[in-house]
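**Student:** coords please:
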Amino acid sequence: MSSAKKESGVATRPGSTRSPLQPQPPWVSHSVLGPHVGATDYLLAGSHGATAVEIPRSYRDNESLWKDLIYSGLTAGMLIHLDRFLLLNWVPRAPGQFYTMEGDRARQEALYYIHHRECESPARDHAHTPLPQRSPDYTMVFTPIGKVSMLQGGIGAIRLKPIRIAEESHWLMTASSDGVVHCGIPLAIPRRLYVPLFAELENQGALCVSIRGELEFVPDPFSRLYDQAVLVPKLYLRVTDIERAEPAGASPEVSVAVSFASSFEGEPKVYASYVTFEPDKAGRFESAIDWMKREYVEGEYQGRILTDFDQTRTIFPEARVALARIMDRTMTRSDLAETINLMHAQGTVEQYFDTLDLHALLPVQANSKRTKIFISYAHAAEAATGWVKRLRTHLNALNLEVQLEIWDDSRILPGERWHNEIRTAIEQSRIAVLVLTADFLASRYIRESELPLLLQDADADGTTILCVYGSHVHLSGGSARLRDYQSVNAEERPLQGMTENERDRVFVELARRVEQILTQN
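**Tutor:** Next up, the predicted model:
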């Protein structure tokens, strides 16, 4: 196989072909929309395979596993043991394609489309690239045509919210022996196994683990993600056990792609871009996507981004066909019109919506059991300010048709188990209000237990997070993700510097947002 697997430039896969049960019209499947439509299928929970009884087959590298999957008849119901693989919270956008002959040919084809200028990428050099390096510590950069070939060669990853399998939330991730996401195998990890790993994964970007699980067939139309790869069986691994392992020396790498509109060849068309970063190194993700947007898409090709790669947070607000909007069912006909025109598609917006009923495809999580508004705060800050008491007064004044309970840890009775009570309260909460102060971030329990539970529940489409800045704070590590959620007041305008009347206006705005969320649901 070609060792060009880690080429970092930028590109997109033209899309899947057809799924036998959910056919796509050609103007969707052979366009930028193909991967997005296919990605929605990750949300569909499959039925469990037959109960496995044989001794697990053990693997220590991606290539052996994929060769057995493709050529040696591994199938649903078989137990698999992965020994010292890196676990990452991304999934391949074309599972197994990297290990096919078609994927290898596509990556070789990309080598004819090296960028003719010194347009350097911020990712690291690829030591095994069969062409001369441009300069130390930088990767080879392709033209958009070359990047499309690389994506057809199996490059690329996406990040998704959890799905529900057998009434339990499962996180969609990847296990990879060499740390490269698009070379690994997709996993579904149940909540009970994921929660203990959450904080470390957020902080470290990857964990070395040994995994046991059962192969299952992916359901239609989830299987569209595999349609590009000839002969690749449509399987993923449902994890039943995870153990920490000593690091095996692999370095994690993730390649993420966008599509963009540009007129650099004359008339406007849709092209693609991808970039590789190291998730275990602080700031690499941000610098990589900034380079892709500003230097490559907007700078080199005067383009604008149309699609992105992350359902869990907004990366490019300008993306008209954002993955999150497709999968959260907020895409409108007007949003798609311009993209379809740029594609010169033989179809209409109406055909797209008539063909793919996303409301029917995607499971809707019921909120009937979520009856609480959870308030998270630091006791030391509350003792000095009384803000939470005042906040609770404003929430109690809401006249709501639904019966909701305002909950904070003062409700825990002496002798009760704090962690279990807080976990149950979070699981039953529709909204979580976080009062952010220096004491809040300094609390070890909040930082290592309560906040990870809130974030992973929000990722699973459970709790809606609203942040109130109580004092000036520095968000870093896992807490940096709080910037992705709604804030009631500006970070630079915390409660601490406000008059009493100004603070009341913040609490009134909070109550208004709570009411809006509840009435919309």
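
**Student:** what residues are up against the closest residue to residue 478 other than its chain neighbours?
**Tutor:** Leaving aside its chain neighbours, residue 478 sits nearest to residue 202 (4.4 Å; criterion: CB to CB, 6 or more residues apart in numbering). For the C-beta atoms, the positions are set from N, CA and C on the backbone; glycine is no exception. Shown in contact with residue 202 (CB atoms under 8 Å, 6 or more residues apart in numbering): 452, 455, 477, 478, 481.

**Student:** just the buried ones among those, please.
**Tutor:** Buried members of the contacts of residue 202, counted by 16 or more other CB atoms under 10 Å: 452, 455, 478, 481.

**Student:** let's have these in JSON lines, adding distance to residue 180 and secondary structure.
**Tutor:** Formatted as JSON lines, those follow (distance: CB to CB, whole Å; DSSP: H, G, I helix; E, B strand; the rest coil):
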{"residue": "452", "distance to residue 180": "26", "secondary structure": "helix"}
{"residue": "455", "distance to residue 180": "26", "secondary structure": "helix"}
{"residue": "478", "distance to residue 180": "24", "secondary structure": "helix"}
{"residue": "481", "distance to residue 180": "24", "secondary structure": "helix"}
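
**Student:** widest-spaced pair of the residues you listed?
**Tutor:** 452 and 481 (10.0 Å; CB to CB).

**Student:** how about CSV for the contacts of residue 202, with distance to residue 513 and pLDDT added?
**Tutor:** CSV is the format used below for the contacts of residue 202 (distance: CB to CB, whole Å; pLDDT from 0 to 100):
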residue, distance to residue 513, pLDDT
452, 24, 82
455, 19, 83
477, 27, 76
478, 24, 74
481, 19, 82
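
**Student:** between those residues, which is nearest residue 431?
**Tutor:** Residue 431 has its nearest neighbour among the contacts of residue 202 in residue 455, at 14.4 Å by CB to CB.

**Student:** which residues touch the closest one?
**Tutor:** 198, 202, 465, 478, 481.

**Student:** recalculate using a threshold of 6 Å.
**Tutor:** Shown here is residue 455, whose contacts under the criterion CB atoms under 6 Å, 6 or more residues apart in numbering are residue 481.

**Student:** that one and residue 428, how far apart?
**Tutor:** 17 Å (CB to CB, to the nearest Å).

**Student:** now residue 305
**Tutor:** 38 Å.

**Student:** equivalent analysis for residue 287, please.
**Tutor:** Using CB to CB, one gets 40 Å for the distance from residue 287 to residue 428.

**Student:** and for residue 275?
**Tutor:** Taking CB to CB, one finds residue 275 at 40 Å from residue 428.

**Student:** the two: which is more packed in?
**Tutor:** residue 275 (29 against 16; other CB atoms under 10 Å).

**Student:** tell me the buried residues in the one helix or strand that one maps to?
**Tutor:** Using DSSP states H and E, residue 275 maps to strand 269-277. Across strand 269-277, burial judged by 16+ other CB under 10 Å covers 269, 270, 271, 272, 273, 274, 275, 276, 277.

**Student:** the third one contacts residue 144, doesn't it?
**Tutor:** Meaning residue 271. Yes - between residue 271 and residue 144 there is a contact under CB atoms under 6 Å: 3.9 Å.

**Student:** before we move on, the earlier item: relative to residue 298, which of the buried ones among the contacts of residue 202 is nearest.
**Tutor:** The closest of these to residue 298 turns out to be residue 481 (CB to CB; 26.0 Å).

**Student:** in contact with the closest one, which residues?
**Tutor:** The contact partners of residue 481, by CB under 6 Å, 6+ apart, come to residue 455.

**Student:** also the one 4 residues further on?
**Tutor:** Residues near residue 485 by CB under 6 Å, 6+ apart: 465, 467.

**Student:** likewise residue 92?
**Tutor:** For residue 92, the contact set (CB under 6 Å, 6+ apart) comprises 157, 182.

**Student:** could you report the pLDDT at it?
**Tutor:** At residue 92, the model reports a pLDDT of 90.

**Student:** what of the one 5 residues further on?
**Tutor:** Turning to residue 97, the model gives it a pLDDT of 88.

**Student:** shouldn't residue 256 be within a helix?
**Tutor:** No - using DSSP: H, G, I helix; E, B strand; the rest coil, the secondary structure at residue 256 is strand, not a helix.

**Student:** residues in contact with the residue lying closest to it once chain neighbours are set aside?
**Tutor:** In space, and not counting its chain neighbours, residue 256 is closest to residue 309: 4.4 Å by CB to CB, 6+ apart. Counting by CB under 6 Å, 6+ apart, residue 309 touches 158, 256, 257.
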